[in-house]
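[1] starting from these lines, generate the structure:
(one chain, ligands or ions: 1)
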Amino acid sequence: MFIGVDLGGTNIVVGLVNTEGELMESLSLPTGRERGFEAVTQDIIKLARQLMTSDVAKTDPVQGVGIGIPGIADPETGVVISCVNLFWENVPLRSVLEAGLSLPVFIDNDATLAGLAEYELGVMKGVKSGVFLTLGTGVGGGVIMDHQVISGKHGIGSEVGHMVVGDSDVRCNCGRKGCLETFASSTAIIAYAKKHLSDHPESILHEKIEGNLDKIDGRLIFDAAKAGDDFAMQAVRRFAHYLAIGIINIVAVIDPEMFVLGGGIAGAGEFLLEIVKEEMEKEKYFRSVPVGKLCLAKLKNDAGVLGGAFLAKSRLKEQ
Ligand SMILES: [Zn+2]
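    Predicted coordinates for the structure are as follows:
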């Protein structure tokens, strides 16, 4: 049995997962991030301890814990280097949890672990290598090869959102300009629509937002594009264009078997998928050679917890 933890800005979810990847039981609490590192980690320990002593864990004891964080951690020291959402910087997450649980603890980025869950149980099941991209307020990534997540020597690998894909005056949260995240996130497409909507009085978006630009969100833009609105389609096309550049850049480095789109924007479904495929076709190099298949994520809310459990399972197997 393994414990997977999905630590988000809003909720802490802790789940008990068996060797087959079935979620047996889960518990959650509001994160209450304003309470700080100590209080949040004590809650994780409390929930995990509760699961460790549950009936199902008695016959098959918990061997390890995997935790997904909305940030980056040093894989060697287990120190969370940065977790902007939780206001954490250089906090010793692994050592605190290991001391509290007397179990080995493994940490990785939440998008990476959601990708690992898709690889083990979801749409990537059966492929050898895959890359998961979460398209939400930012762009996260997970690179998985041979059942292992690839996060690099310093824990900042697979940060696909910070790959530079074009010229831009918009500065990314990371400090650079031109990152994928500044073109292919909900934040980016909303900012683009807000900036240019006044040049397109014919757009149906005007009517939808009743003159209030703050009402523009990703779903509204994609729905308008689906309904045939030229301006919304232009925004979606731009989004897909830069996403395709990012995907083809990943091809240039690792040429994986599959790419998976997840996160809020992936809710646009097949409509988004087809446009990104068209843009990928334009960006491809060695034109006669195929690139990895583009798919939509399959797992929903449990992906983070399951990914955490798979991380613990794969790391313990290595040891
Ligand atoms: Zn960046």
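[2] this protein against the ion: which residues are in contact?
    Neighbours of the ion within the chain, by CB under 5 Å from the ion: 162, 172, 174, 176, 179. From N, CA and C alone the C-beta is placed, and that goes for glycine too.
[3] helices of the chain, residue ranges please.
    Here the chain has its helices, by DSSP state H, at 37-52, 55-59, 93-101, 110-120, 186-196, 205-209, 218-226, 230-254, 269-283, 303-318.
[4] could you tell me the least trusted of those?
    Among the helices of the chain, helix 55-59 carries the lowest mean pLDDT, a mean of 91.
[5] ok, back up a step: quick check: of the residues of the chain next to the ion, which lies closest to Gln42?
    Cys174 (30.7 Å; CB to CB).
[6] deepest of the helices of the chain, which one?
    Mean neighbours per residue, mean count of other CB atoms under 10 Å, is largest over these for helix 110-120, with a mean of 28.
[7] circling back to that earlier point, what's the lowest-pLDDT member of the residues of the chain next to the ion?
    Cys174 (90).
[8] surely it meets Met163?
    No: counting by CB atoms under 8 Å, Cys174 stays clear of Met163, with 10.7 Å between them.
[9] neighbour-wise, which of the two wins?
    Applying other CB atoms under 10 Å to Cys174 and Met163 shows that Met163 carries more neighbours, namely 19 against 15.
[10] so how far is Glu20 from that one?
    Between Met163 and Glu20 the distance is 35 Å, computed by CB to CB, to the nearest Å.
[11] leaving aside the residues adjacent along the chain, what's closest to the spatially most central residue of the chain?
    Centroid-nearest residue in the chain: Ala111, 2.6 Å away (criterion: CA atoms, centre = their mean). Counting by CB to CB, 6 or more residues apart in numbering, Ala111 lies nearest to Gly140, which is 2.8 Å off, once chain neighbours are set aside.
[12] pretty sure the one you found contacts Ser151?
    No: between Gly140 and Ser151 there is no contact under CB under 8 Å: 11.8 Å.
[13] shared neighbours of the two, anything?
    Common contacts of Gly140 and Ser151 (CB atoms under 8 Å, 6 or more residues apart in numbering): 109, 112.
[14] which one of the two has more residues nearby?
    The neighbour count for Gly140 versus Ser151, taken as other CB under 10 Å, is higher for Gly140 (25 against 22).
[15] who's in contact with Gly115?
    124, 130-132, 141-144, 149, 260, 262, 307.
[16] quick one: which of these is nearest to Ala188?
    Closest approach to Ala188 among the contacts of Gly115 (CB to CB): Gly141, at 15.7 Å.
[17] got a list of what the closest one touches?
    Residues in contact with Gly141, defined by CB under 8 Å, 6+ apart, are 111-112, 115, 131-134, 158-161.
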